[in-house]
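Q: Need a 3D model of the following:
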Amino acid sequence: MPIAAVIRPGETDFDLQYRIQGTLELPLNKQGETQVGEIADALRNLSIKQIFSSPADPALSTATAVGDALGISVKELDRLTNVDQGLWQGLCVEEVKRKQPKIYKLWRENPESVCPPEGESCVEAYERARKALRKPMKRNTNFAVVASEPMATIVECVLRQEDLQMPSLNGREVEPLVELIELSKAEPIASIHPEQ
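A: Numbers count the residues shown, from 1 in each chain. A predicted model of the protein is given here:
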């Protein structure tokens, strides 16, 4: 039974500042570099054969570091690029809340229903991810996908063969660094959360 590991990149300064990343290229911070080691350790015994990654940092640098640590090749897939957050990219979440309170409220409660100004909808990103992962999902081997949020959650929906379901951003827990999904059952089997 093949397993897919959905890997969220290590932390960036934007994560600490509660800024919207979107498609911006960002380096890992010190904590993010530490988390990459945790990710590699978590995957060490899973017989991952290939890592597929967004071509943008921090996803690509996370994928490359994990691939180097485990001796696994990394393949960049343009279709795994994070959701384009348009004019919201680089803004603090509080700025969006202050400048566009009605849209912000809807975005927090029902994220897939909102397309940021000059950005991309989660539905469009879901279609990209579905096309990108069609071939890897047909193979009978374990693989990993590295993508930033919200693309990582979209990838999980694709791997579980579910319709797009973005969880509410209100009171949301910290996302796991790694989510393991058994492809034959299309359900999660384990989560690895960052050490606090």
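Q: Name the next helix or strand following the host helix or strand of residue 137 along the chain.
A: Per DSSP states H and E, residue 137 falls inside helix 122-138. Next helix or strand after helix 122-138 toward the C-terminus (DSSP H and E): strand 143-146.
Q: could I get that next one in PDB with only the CA atoms?
A: Once non-C-alpha atoms are left out, strand 143-146 reads as follows in PDB (Å, rounded to 0.1, in the frame of the first residue of the first chain):
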ATOM      1  CA  PHE A 143       6.500   9.500  -2.600                       C
ATOM      2  CA  ALA A 144       6.600  12.900  -0.900                       C
ATOM      3  CA  VAL A 145       5.200  16.300  -1.900                       C
ATOM      4  CA  VAL A 146       6.600  19.500  -0.500                       C
END
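Q: ok so, going back, give me the buried stretch members for the helix holding residue 137, please.
A: Within helix 122-138, the residues that qualify as buried are 122, 125, 126, 128, 129, 130, 132, 133, 136, 137, counting by 16 or more other Cβ atoms under 10 Å. In this view, the C-beta of every residue, glycine as well, is placed from N, C-alpha and C.
Q: As a check, name the ranges of all helices in this protein.
A: 13-16, 30-43, 59-70, 93-99, 101-109, 122-138, 151-159 (DSSP state H).
Q: Pick out the shakiest of those, pLDDT-wise.
A: Comparing mean pLDDT over these, the weakest stretch is helix 101-109, at a mean of 90.
Q: tell me which residues in it are buried?
A: Neighbour-count burial for helix 101-109, counted by 16+ other Cβ under 10 Å, picks out 103, 104, 107, 108.
Q: mind checking how far the second one is from residue 22?
A: Put plainly, it is residue 104. 16 Å (Cβ to Cβ, to the nearest Å).
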